[in-house]
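Participant: take this sequence and fold it.
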Amino acid sequence: MAAPGPGEYFSVGSHVACVTCLGQRLQGEVVAFDYQSKMLTLKCASSSGKPNLNDVILINLAYVSDVDIINDRTETPPPLASLNVSKLANRARTEKEDKLSQAYAISAGVSVEGQQLFQTIHKTIKDCKWQEKNIIVMDDVIISPPYQVENCKGKEGSALSHVEKHFRDVESQKSMQRSQAQQTQKDSTLSS
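Facilitator: Below you'll find the model as predicted:
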């Protein structure tokens, strides 16, 4: 069957298999089905292979060539797990703040290196913000353009040492990449 006909539907908890118009075979448990939009939501085994995870796939049945019901569930499905709405709202607020911070940096004309530095520090120290083109870390450290270790000012302590460590790590990575590139160049020259 290509798509459900009038009055046909998929029960939550049923197991179905379908073939997409691209020939991909999908199989999983029905999580949701919307008759009007012909959208089917399946919970499938994780593509990462981790047993405690699942993939959730939205399927537009207009683009499915065949659907087979493997196991139809007739009893009432178990209740849905409750959502922690405050946790979701906090996550959305945090993401919005991060995006606004990125947009501010771009509009203020901050260099790509400055934006990358801010994002790297922000991954480990959330108390990180922009003040014009300066990066302020934990209200203790100010990093000014061009965002090098000598541009860090602040009280001696964990925030300043963390920022300085970041600069040492970046320089170490660059040095390692340069030496690998030189070795690759030597190897290709020798093999010619």
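Participant: now for the helix ranked longest in the chain, which elements pack on it?
Facilitator: For the chain, the longest helix by residue count, based on DSSP state H, is helix 158-191. Here helix 158-191 touches helix 112-124, strand 134-137, strand 141-143, strand 152-154, going by 3 or more C-beta pairs under 8 Å, 6 or more residues apart in numbering; DSSP states H and E. C-beta: built from backbone N, CA, C; applies to glycine.
Participant: could I get those as TSV with mean pLDDT?
Facilitator: As requested, the helices and strands packed on helix 158-191 are exported to TSV (pLDDT from 0 to 100):
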stretch	mean pLDDT
helix 112-124	86
strand 134-137	91
strand 141-143	90
strand 152-154	86
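Participant: as TSV, those with distance to Thr76 and mean neighbour count would be great.
Facilitator: Listed next are those as TSV, based on distance: least, C-beta to C-beta, whole Å; neighbours: other C-beta atoms under 10 Å:
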stretch	distance to Thr76	mean neighbour count
helix 112-124	44	15
strand 134-137	54	21
strand 141-143	58	22
strand 152-154	61	16
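Participant: so where's this structure shaky on pLDDT?
Facilitator: In the predicted model, the chain carries pLDDT under 70 at residues 1-8, 158, 192.
Participant: just give me the residue closest to the centre of it.
Facilitator: Glu95 (11.2 Å; C-alpha atoms, centre = their mean).
Participant: which parts of the longest helix of the chain are buried?
Facilitator: Going by neighbour count (16 or more other C-beta atoms under 10 Å), the buried part of helix 158-191 is Ala159, Leu160, Val163, His166, Phe167.
Participant: closest one to Asp72 out of those, please.
Facilitator: His166 (56.4 Å; C-beta to C-beta).
Participant: could you identify the longest strand within this structure?
Facilitator: Longest strand of the chain, by residue count under DSSP state E: strand 25-34.
Participant: now the helix or strand following that one, how far from the centre of its chain.
Facilitator: Later in the chain than strand 25-34, the nearest helix or strand by DSSP states H and E is strand 39-45. Remark: strand 39-45 is offset 20 Å from the chain centroid, using C-alpha atoms, centre = their mean, to the nearest Å.
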